[in-house]
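Student: The sequence and its predicted three-dimensional model are supplied below.
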Amino acid sequence: MALTKAQIVGTVQNHLGLSRKRSSQLIENLLEIIKKSLENGEDVLVSGFGKFCVKQKRERKGRNPATGDDMMLAPRKVVTFKCSGKLRDKVNA
């Protein structure tokens, strides 16, 4: 099961003793900062957690799975995540 934004808000509320509304605003603002940075092509590094990076993908040959027709996929940007060594160690412990 995935951790939801609502669960994160609830955890922040419990740990910091903030109201539900204030906790929600805090999380929304944090996510907005991360989104804006990625939109601007900037990497987001969270020490001890990992790094979000924007990478450019080249134009490439693809196939329409419904029809089987070959097509060219346009170049695009994707967001990647690389976890830190500390996080990797905790996950593998």
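Tutor: That came through, no problem. Numbering: from 1, shown residues only.
Student: by contact count, what packs against the longest helix seen in the chain?
Tutor: Identified as the longest helix of the chain according to DSSP state H is helix 20-39. Packing partners of helix 20-39 (3 or more CB pairs under 8 Å, 6 or more residues apart in numbering; DSSP states H and E): helix 5-16, strand 44-46, strand 50-57. All C-beta atoms are positioned from the backbone trio N, CA, C, and that covers glycine.
Student: contacting residues around that helix?
Tutor: Applying CB atoms under 8 Å, 6 or more residues apart in numbering, the contact partners of helix 20-39 are 5, 8-10, 12-13, 16, 18, 43-44, 52, 54, 79.
Student: can you list the helices and strands packed on helix 20-39 in CSV and add mean pLDDT and mean neighbour count?
Tutor: Shown next, in CSV, are the helices and strands packed on helix 20-39 (pLDDT from 0 to 100; neighbours: other CB atoms under 10 Å):
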stretch, mean pLDDT, mean neighbour count
helix 5-16, 95, 13
strand 44-46, 96, 14
strand 50-57, 96, 14
